[in-house]
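Participant: Need the 3D shape of this:
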Amino acid sequence: MALLITTLGVLPVFAAGTFSDMEGSPYEEAVEDLVSRGIINGYEDGTFRPQNTITRAEVCVVTAKAMAPGEQKLNEARTNKFPDVHSGYDWAKKYINYASAMGVIDGYPNGTFKPAGNVTYNELSAMVLKGMGYKQSELSGSWPLNYRNKALELGLYDGIYENMTKTQVAQMDYDAAATRGDAVLMITAGLAKLQERGKEDLPAPDSHSYDDGTYDWIDGLPTALSIEQAVDIMQHQGYLAEMAELNRKADEATAKGYADNVKTLKDGLALLDVVDIETAMAMNQQGITKGNYEIAKIQKKFANDNIENNYQAELNSIEYQTVSLYYGVLQAQENLRVAEDNLAVQEEMLKVVRSKNKVGMAPAIEVTSQQNQVTGAQKSVKEAKAALENAKMNFNLLLGYSVTDNVALTDGLTALPFPEMTLEEAISSAVANRLDNAQIQYGYELASVAMKYLKAGKNSTAYLTQENQLKQMELQLNNMPKTLEIEIRNDYIDLTSKYQAIQDAQEKLTLVKESFRVAKVMYDVGMNTLADVQSAQLTVYQTNQLLMKSIADYDIAVYEYKYATGLGKNRISF
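Facilitator: A predicted model of the protein is given here:
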C-alpha cells in the first residue's frame, strides 16, 4: 500500500532492484530495505519516483506499517475520526486511524485530516520521531525546532544531506514538501536507530504505548491505563489538548506580531534621522518613538520566552484534572473494597452470634442487632458501588470513552514519595519559575520604560497616572516573592501534615485491627458484649476509609506542590 499506492487500490509489489528508476540511485538501498520488510510497494509501471512529493495519507500508511502493530491492532483502531478520510481512502483508513490513536499524527482544528495534503520535512521528522517513541514533553524548544533538532541529533537527516551540497543543506527549507525518496531515507534511519537500541521494529511510541497484550482496546483507546498513560491521552487528544495547542498557536502569532512591530519601529526610527521635522513629528504621533521601540522589544522577548511556558502550564492543568479524577476512581475502588471487607466481617460475626444463640450463650436481641449490622454493611457496599460508578463515568467522560466503558486502572492507591526539595529550595524555585511572578516583572519593566520615555510635565495628569501605575507595579514586584514564600510554606506545611496523616492512619489501623481481634476473642469466651465487637469493627472500617482518603489527599497535594514550585498551572497573557 501507499507510500507507493494510489487511490486506485493495491498495486503489485516489486523488488527494489526491478524499479527502473532505482538502479544506482542514492535511495536504492533504503527502498530495498523497506520493500523487504513489506512496508512500501512500487508503482504499477515499475518505477519508484523518489522525487515525487508524499501525502499525509501515504506517510501514515508507511509509518504505521513500520510500527508493526499487527492486523488485530489495526482493526481495533477502526473508528474513523476524520470526515474527509472517506471511501476513496479505504487503502489508508485503518493506518490513519491507528496513527491518530497512537499520537503519531493529529488532525486540524476543524476536525479534518487532509489526507491528500503534502507532508513537509518538519512534519515528516515529527511523525517519524513519534513513531520511534519520543514524547513532545521530552524535547526542548518549541515546534518545529524541537522535533527537527532531535531528528538532526539522531542522524535522521544524514542520508538526505548526503544527496545535497553544503549550500543546499544550509539553505534547506524544512517547510517544503518532502519527497518520497527522502521519506524513505528518514524512516530507514529511524529503524536503524531503534535497532541500535536492540529493537527489531519500530514500536508503538512510549507516549501512547498503552497495550501490554493483556487488555483489549475500545475504539482506538486502551481499556487499561496507568496515571501516566491517562495524562498522556489527555495532553494529546480531545478538547483540552486541542485548546492548549490552539492557545500555543495564538501565543506564537502574538509573538510574531511583536516581532513585526519591533521591525516596523526600528525601520521608522531610522527614517527619523533623514526626514524633515514636520514628517518626524507626524511619525512620532503615529507611535514611531524610541519608547515604543523599547517596549516592543520587551514584549517580543517576553512572548518568545514564554510560549512554551504557557503551553506547559496548560499541560499541567490538564494533568491535574486527569490525576484528580484518576485518584477519585482509585479511592472509590478502595472504599468499595473496604466496604466489602466490612460486610464479610459482619456476615461472619452474624454466624458466630447465631451459633452462640443456638446454645444459649447469646440472647435473641444480639442476633437482631448483628442482622442490622449486616444490613447496614450491605447498604454501604451499594453506596460504594454507586460512588465508584459515578467516579468511573466522570473519568471516562474526561478521557473520551463511553461513560459505561470498563477501563481498568493499573496504578494502585499508594503514597507518592515525599518531594526531595528542601523548603528553601522550593521557595527559590517558585520565585524563579512561576509565571505569575514573571508576569509582574514584565508589567514592571513595561511601566518603567513607559515612565522613562514619557514626555509630560511632572504635574500633568499623564505623568501622575503613569507614576502611580509604576509605583503599584513596583509594590507588587517587591511583594510577590514574599507572597510566594508564604504560599509555598503553607503548601509545605499542608503537604507535611497530609503525609503525617497517612502514617497516623496506618498506625491506627494496625491498633484497631488488633483491638477488633481481641474484642472478638473476648466475646467468644463471654468476657465482653457484642456491642464491644461491633464498635471495634466500625472503628476498623472508618480507619480504613480514612487511610484511603489520606493517601489520595496527600498524592494530589504532591502534584499541586510540584506546580506551585514550578511554572504553575495557569496561563499568562502578554
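
Participant: got the residue ranges for the helices in the stretch 251-400 of the chain?
Facilitator: With DSSP state H, counting those that start in this stretch as the criterion, the stretch 251-400 of the chain has helices at 277-285, 290-358, 364-399.

Participant: do the same with the stretch 51-200 of the chain
Facilitator: For the stretch 51-200 of the chain, the helices defined by DSSP H, counting those that start in this stretch cover 56-66, 71-76, 90-101, 121-132, 145-154, 158-161, 166-170, 180-196.

Participant: from the ones you listed, which stretch is densest packed?
Facilitator: helix 56-66 (a mean of 26; mean count of other CB atoms under 10 Å). The C-beta positions use only the backbone N, C-alpha and C, and glycine is treated the same way.

Participant: could the helices of the stretch 251-400 of the chain go into TSV alongside distance to Asp45, mean neighbour count and mean pLDDT?
Facilitator: Formatted as TSV, the helices of the stretch 251-400 of the chain follow (distance: least, CB to CB, whole Å; neighbours: other CB atoms under 10 Å; pLDDT from 0 to 100):
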stretch	distance to Asp45	mean neighbour count	mean pLDDT
helix 277-285	63	12	92
helix 290-358	47	19	95
helix 364-399	47	17	94
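
Participant: Run through this structure and note the low-pLDDT ranges.
Facilitator: Along the chain, segments meeting pLDDT under 70 span 1-18, 76-79, 87-88, 109-110, 197-223.

Participant: how does it divide up, domain by domain?
Facilitator: 16-207, 242-564 (automatic domain parsing).

Participant: Run the chain-centre distance for the shortest one.
Facilitator: In this case it means domain 16-207. 23 Å (CA atoms, centre = their mean, to the nearest Å).

Participant: what do you get for stretch 390-405?
Facilitator: 18 Å.

Participant: cool, stretch 468-487 as well?
Facilitator: 32 Å.

Participant: in that stretch, what counts as buried?
Facilitator: By neighbour count on 16 or more other CB atoms under 10 Å, the buried set for stretch 468-487 is 469-470, 473, 476-477, 480-481, 484-485.

Participant: Can I get the helices of the stretch 51-200 of the chain in a markdown table including distance to Tyr311?
Facilitator: A markdown table is the format used below for those (distance: least, CB to CB, whole Å):
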| stretch | distance to Tyr311 |
| --- | --- |
| helix 56-66 | 24 |
| helix 71-76 | 30 |
| helix 90-101 | 21 |
| helix 121-132 | 16 |
| helix 145-154 | 11 |
| helix 158-161 | 29 |
| helix 166-170 | 30 |
| helix 180-196 | 26 |
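
Participant: for the domains of the chain, which one sits closest to Ala230?
Facilitator: Closest to Ala230 of these, according to CB to CB: domain 242-564, at 5.3 Å.

Participant: Can you measure across that closest one, start residue to end residue?
Facilitator: This stretch, domain 242-564, spans 24 Å end to end (CA to CA, to the nearest Å).

Participant: Tell me the spacing between Asp553 and Ser460.
Facilitator: 56 Å (CB to CB, to the nearest Å).

Participant: between these two, who's got more neighbours?
Facilitator: Neighbours were tallied for Asp553 and for Ser460 using other CB atoms under 10 Å; the higher tally belongs to Asp553 (16 against 12).

Participant: Work out for me the element that one sits within.
Facilitator: Element membership for Asp553 (DSSP states H and E) is helix 530-564.

Participant: Tell me the buried residues in that helix?
Facilitator: Within helix 530-564, judged by 16+ other CB under 10 Å, the buried ones are 530, 532-534, 536-541, 543-564.

Participant: Ok, stretch 263-274 next?
Facilitator: So for stretch 263-274, counting by 16+ other CB under 10 Å, buried means 265, 268, 272.

Participant: how about TSV for those, with distance to Gly328 added?
Facilitator: Shown next, in TSV, are these (distance: CB to CB, whole Å):
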residue	distance to Gly328
Leu265	52
Gly268	57
Leu272	62
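
Participant: how near is the nearest residue to Gly328 once chain neighbours are set aside to Ser324?
Facilitator: Distances taken as CB to CB, 6 or more residues apart in numbering place Ala391 nearest to Gly328, at 4.6 Å, with adjacent residues excluded. Counting by CB to CB, the separation of Ala391 from Ser324 is 11 Å.

Participant: mind listing what the residue nearest the centre of the chain touches?
Facilitator: By CA atoms, centre = their mean, the chain has its centre lying nearest to Gln235, at 3.0 Å. Contact partners of Gln235, counting by CB atoms under 8 Å, 6 or more residues apart in numbering, are 137, 241, 244, 315, 318-319.

Participant: Name the nearest of the residues you listed relative to Leu194.
Facilitator: Ser137 (20.1 Å).

Participant: Just give the closest residue to that closest one, not the sequence neighbours.
Facilitator: Ser137's closest residue in space is Leu315 (CB to CB, 6+ apart), at 7.3 Å.

Participant: Tell me who's in contact with the one you found.
Facilitator: 137, 235, 244.

Participant: Okay, buried residues for whichever strand or helix holds the second one please.
Facilitator: I take that to be Gln235. Assessed by DSSP H and E, Gln235 sits inside helix 227-236. The neighbour-count check on helix 227-236 (16+ other CB under 10 Å) flags 227, 229-236 as buried.

Participant: Also stretch 507-525?
Facilitator: For stretch 507-525, by 16+ other CB under 10 Å, it's 508-509, 512-513, 515-516, 519-520, 523.

Participant: Of the residues you listed, which is the nearest to Leu194?
Facilitator: Leu509 (47.7 Å).

Participant: Need the nearest residue in space to that closest one, chain neighbours excluded.
Facilitator: Thr543 is the one closest to Leu509 (CB to CB, 6+ apart), at 4.8 Å.

Participant: List the residues that contact the one you found.
Facilitator: 505, 508-509, 512.

Participant: What is the neighbour count of Leu495?
Facilitator: Other residues within reach of Leu495, judged by other CB under 10 Å, total 20.

Participant: State whether it and Tyr561 are indeed in contact, as I suppose.
Facilitator: Yes. Leu495 is in contact with Tyr561 according to CB atoms under 8 Å; the separation is 5.4 Å.

Participant: intersection of neighbour lists for the two?
Facilitator: By the contact definition CB under 8 Å, 6+ apart, Leu495 and Tyr561 are jointly contacted by Pro419.

Participant: now the helices for the stretch 401-550 of the chain?
Facilitator: 423-433, 435-452, 461-524, 530-564.

Participant: can you tell which of those is closest to Arg49?
Facilitator: helix 435-452 (49.5 Å).
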